[in-house]
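Student: Sequence plus predicted model, see below.
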Amino acid sequence: MPLMLYPNLVDAVTYATTLCERWEFYNDRSFYDPLYLMDLAKANDQEFILDEDGSYVVSEEGAIGQSDDGEEIQWLFIPVTLQGTLPNTIHEPEVKRFCTHCGADVLSPGKFCGQCGGAL
Ligand SMILES: [Zn+2]
């Protein structure tokens, strides 16, 4: 499933709450439930208008981020149940790679395999 893009945070949160029930804010370990997050989104949308190229981003796990330029993503609310990593950009192609040590799928570009820890 591709990333979903929204012009405002309320719409992004509305969709994300169908995917996840609890988030952690990315930089201060505070936790959000759907009601708390929706209150924050409503206040946010009254205060902040994104640039023309900007959008809010929801991942298939329910992670919520913001992109100011339509390319790079700043992830803001991370599902507490998230496994794996989130893409850094909206258009990052999902490259299918396999670990040469254990054969596991390696979904995101990195230096080490997420399964066995082997260098890639
Ligand atoms: Zn491996």
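Tutor: Here it is on my side, so go on. Residues are numbered from 1 along each chain as shown.
Student: Skipping adjacent residues, who's closest to residue 55 in space?
Tutor: In space, residue 55 comes closest to residue 5 once its chain neighbours are excluded; the distance is 4.2 Å by C-beta to C-beta, 6 or more residues apart in numbering. The C-beta positions use only the backbone N, C-alpha and C, and glycine is treated the same way.
Student: which element is the residue of the chain most remote from its centre on?
Tutor: Most distant from the centre of the chain: residue 101, at 28.6 Å, with distances by C-alpha atoms, centre = their mean. Here residue 101, judged by DSSP states H and E, is contained in no helix and no strand.
Student: State the pLDDT value of the residue lying closest to it once chain neighbours are set aside.
Tutor: Leaving aside its sequence neighbours, residue 101 sits nearest to residue 118 (C-beta to C-beta, 6+ apart; 3.4 Å). Reported pLDDT at residue 118 in the predicted model: 85.
Student: go on, residue 84?
Tutor: Residue 84 is given a pLDDT of 87.
Student: What count of nearby residues applies to it?
Tutor: Residue 84 has 8 neighbouring residues, counting by other C-beta atoms under 10 Å.
Student: show me what contacts the spatially most central residue of the chain?
Tutor: The centroid of the chain falls nearest to residue 63 when counting by C-alpha atoms, centre = their mean (3.8 Å). With contact set as C-beta atoms under 8 Å, 6 or more residues apart in numbering, residue 63 has these partners: 16, 20, 23, 75, 77, 78, 79, 82, 86.
Student: one step back: any idea which element the residue nearest to residue 55 lies in?
Tutor: strand 4-6.
Student: The residue farthest from the centre of the chain against residue 114, yeah?
Tutor: No: counting by C-beta atoms under 8 Å, residue 101 stays clear of residue 114, with 11.7 Å between them.
Student: what's the closest of the contacts of residue 63 to residue 48?
Tutor: residue 77 (15.3 Å; C-beta to C-beta).
Student: Can you give the strand pairings for whatever helix or strand residue 65 lives in, parallel or anti for each?
Tutor: Residue 65 is part of strand 64-67 when elements are defined by DSSP H and E. Using DSSP bridges, strand 64-67 pairs in its sheet with strand 55-58 (antiparallel), strand 74-79 (antiparallel).
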